[in-house]
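Make a model of this:
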Amino acid sequence: MKGSRRESRPAGRAFVPLLLPVLVLLVWQVIVSLGVYPEFIIPSPAAVLAKFVDVLRDGRLLANTWVTLSQTLAGLIIGVALSVLLGYAIAKNRLLDDLFSPLIIALQSTPVVAYAPLLVIWFGSGPTSKVVTSALIVFFPMLMNTVVGLRSVPKSLRDLMLSLRATPWQMFIHLEVPAALPVLLGGLKVSATLAVIGSVVGEFVSARAGLGWLINDARYNYDTPLVLVAVLMLAVIARVLYAAVGLVERRMLAWRR
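Coordinates of the predicted model:
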């Protein structure tokens with residue numbers, strides 16, 4: 001009986017994530033029906049759906065979504081790769097920690113919106129500046145998770161590996177990576193969502209395509225339904241990337257269950 005109840009819980013809980021979106025739609029429709037705000041400020045869900053169908057048919061939505069997604073993925077890969085490499089070096093060498101910490105903290109404490117225009121000046125208005133912006137915004141959280149994950153490896157396990165005469169490579173593969181993997185994947189989840197923000201911020205500053213550019217263009221034309229469609233697509237991209245990392249996490253950390 002207990003086992004059957006445990007197995008039935010996931011089926012019921014599968015609908016829980018839908019409750020809040022449904023509630024938001026209901027409240028949204030009520031506000032529109034009451035006429036609290038004009039339609040051009042808060043359009044109805046039906047108007048947003050109609051706009052979604054229109055831009056999907058004419059190809060604008062998919063084209064701009066692909067631009068943002070490709071820039072986001074490139075920035076995520078570059079940012080994660082660089083942060084893991086530097087994080088490993090910092091975790092192993094306290095001198096590097098003292099050397100790089102002031103610069104890293106200074107970059108992180110500065111909002112990405114502040115230096116995004118500089119990146120456009122340096123790298124142009126093409127996709128490169130958006131990729132760099134996306135990579136920079138994911139760099140710090142992934143770097144910190146890498147350092148924390150590697151430094152959280154128990155000293156007793158390190159001593160055990162050394163007593164077995166493990167090489168640095170064996171130490172890395174069989175101890176450090178498995179021990180730090182939960183923290184690293186947690187950082188990757190955060191980085192996956194932040195990468196979308198970095199890409200869109202770059203598109204807000206200067207772009208010829210992308211969902212950020214589409215939002216700016218719709219805002220100038222007071223096309224509120226199109227703004228909401230683009231925002232929802234950004235949310236979908238972030239959610240898909242987060243879910244993809246979650247799937248990898250479940251596969252790689254199945255041994256913890």
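
Neighbours of Pro162, how many?
Small correction: residue 162 is Leu, not Pro. 10 (other CB atoms under 10 Å). In this view, the C-beta of every residue, glycine as well, is placed from N, C-alpha and C.

For the closest residue to Thr193 other than its chain neighbours, report the pLDDT, please.
The shortest distance from Thr193 to any non-neighbouring residue, by CB to CB, 6 or more residues apart in numbering, is to Ala238 (4.6 Å). On the pLDDT scale, Ala238 is placed at 91.

Remind me what the strand or helix carrying Met171 packs against, helices and strands.
Here Met171, judged by DSSP states H and E, is contained in helix 168-171. Applying 3 or more CB pairs under 8 Å, 6 or more residues apart in numbering; DSSP states H and E, we find helix 168-171 packed against helix 155-163.

Relative to the whole chain's centre, how far out is the helix it packs on?
35 Å (CA atoms, centre = their mean, to the nearest Å).

Show me what that helix is packed up against.
Using 3+ CB pairs under 8 Å, 6+ apart: helix 155-163 touches helix 168-171.

about what we covered before: ok, residues contacting the helix holding Met171?
158, 161-162 (CB atoms under 8 Å, 6 or more residues apart in numbering).

hmm, 7 Å instead?
For helix 168-171, contacts defined as CB atoms under 7 Å, 6 or more residues apart in numbering pick out Met161.

Tell me the helix or strand right after it.
As the chain continues past helix 168-171, the following element, by DSSP H and E, is helix 177-205.

tilt between that next one and helix 155-163?
120 degrees (axes from the mean of the first three to the mean of the last three CA atoms, to 10 degrees).

tell me the mean pLDDT over helix 177-205?
On average, helix 177-205 scores 86.

Tell me which other helices or strands the next helix or strand after it touches.
Once the chain leaves helix 177-205, the next helix or strand it forms, by DSSP H and E, is helix 211-220. Counting contacts by 3 or more CB pairs under 7 Å, 6 or more residues apart in numbering; DSSP states H and E, helix 211-220 is packed against helix 60-92, helix 177-205, helix 224-252.

ok so, going back, how far does the helix holding Met171 sit from the chain's center?
The answer for helix 168-171 is 31 Å, by CA atoms, centre = their mean.

Check which residues of it are buried.
Buried residues in helix 168-171, counting neighbours by 16 or more other CB atoms under 10 Å, are found at Met171.

SS state for Pro43?
coil (DSSP: H, G, I helix; E, B strand; the rest coil).

hang on, Leu226 packs against Asn216?
No - Leu226 is not in contact with Asn216 according to CB atoms under 7 Å; the separation is 10.8 Å.

Just want to know which of the two has more residues nearby.
Shown here are Leu226 and Asn216; by other CB under 10 Å, Leu226 has more neighbours (23 against 18).

Backbone dihedrals for Gly124, please?
Backbone torsions of Gly124, given as degrees, to the nearest 10, read phi 90, psi 170.

Can you tell me the number of residues neighbouring it?
11.

From Gly202, how far off is it?
Going from Gly124 to Gly202 by CB to CB, to the nearest Å gives 11 Å.
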